[in-house]
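*Asks:* Sequence first, predicted coordinates after that:
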Amino acid sequence: MKIPFILVLLAFSSIASFGQNTIVIDSLLNKLETAQEDTIKVEILLRLFNPTVVNDLDLAYEYTEEAHRLSEKLSFDKGIAASLQRKGIIWGYRGDMQKARENYLKAIEVHQRLDHEIVAGTLIHNLGMLFQEQGIYDSAIIYCERASQIFLNHQDSLKYASSLDLLSSVHNE
């Protein structure tokens, strides 16, 4: 039986990627052990999200929840927004779209308060995709239009085009 070359390549790249993730995780965990209860610790916890979310959703949630708790304690709005955004992703992966939306909306609110309009626009765009995936097209259109207006106002042509593409996709469905 012949195994297609692409499958072999993917298998080896997955192993290499896993090894790199292990190194990144170990390095971050070492930093976490000596970190004080400050914004640097929040940043370390948030950086642990990417290498863990794919392989261990529960562990990614633990790091995100700890980052959120510490950010609240420190009144660190940037950490609050980032942890809420990551929680939204996790709830989306878990299939709880209501909790995903709630966390995204809270993150958007904080980003807007911090005047991070492009980041807020990206999350609004993501909400449009979330509603599209659920077949809630009227809400998807509202969020796509809001995101595209933000990107247009900030002259971010790439994100504006992406938002218009999503909007046309929603209209086609």
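*Replies:* Arrived safely. Numbering: from 1, shown residues only.
*Asks:* what element comes up after the helix or strand of the chain with the lowest mean pLDDT heading to the C-terminus?
*Replies:* Ranked by mean pLDDT, DSSP states H and E, the weakest helix or strand in the chain is helix 5-34, scoring a mean of 59. Counting by DSSP states H and E, the next helix or strand C-terminal to helix 5-34 is helix 39-47.
*Asks:* How about residues contacting the helix or strand following that next one?
*Replies:* Note on helix 39-47: by DSSP H and E, the next helix or strand toward the C-terminus is helix 49-53. Residues from elsewhere that reach helix 49-53 (C-beta atoms under 8 Å, 6 or more residues apart in numbering): 21, 24-25, 28, 59-60, 63-64, 86, 89-90, 93. C-beta: built from backbone N, CA, C; applies to glycine.
*Asks:* do that again at 7 Å, thanks
*Replies:* The contact list for helix 49-53, computed with C-beta atoms under 7 Å, 6 or more residues apart in numbering, reads 21, 24-25, 59-60, 63-64, 86, 90.
*Asks:* Take those residues and lay them out in a markdown table including distance to V110 and neighbour count.
*Replies:* Shown next, in a markdown table, are those (distance: C-beta to C-beta, whole Å; neighbours: other C-beta atoms under 10 Å):
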| residue | distance to V110 | neighbour count |
| --- | --- | --- |
| N21 | 28 | 15 |
| V24 | 27 | 15 |
| I25 | 27 | 18 |
| L59 | 24 | 15 |
| A60 | 20 | 22 |
| Y63 | 19 | 24 |
| T64 | 15 | 26 |
| R86 | 13 | 24 |
| I90 | 17 | 20 |
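*Asks:* Which pair of those residues spans the longest distance?
*Replies:* For the contacts of helix 49-53, the farthest-apart pair by C-beta to C-beta is V24 and I90; their separation is 18.9 Å.
*Asks:* where are the low-confidence patches of this protein?
*Replies:* Within the chain, the stretches with pLDDT under 70 are 1-20.
*Asks:* Okay, helices next: where are they in it?
*Replies:* 5-34, 39-47, 49-53, 57-74, 77-94, 97-113, 117-134, 137-153, 157-172 (DSSP state H).
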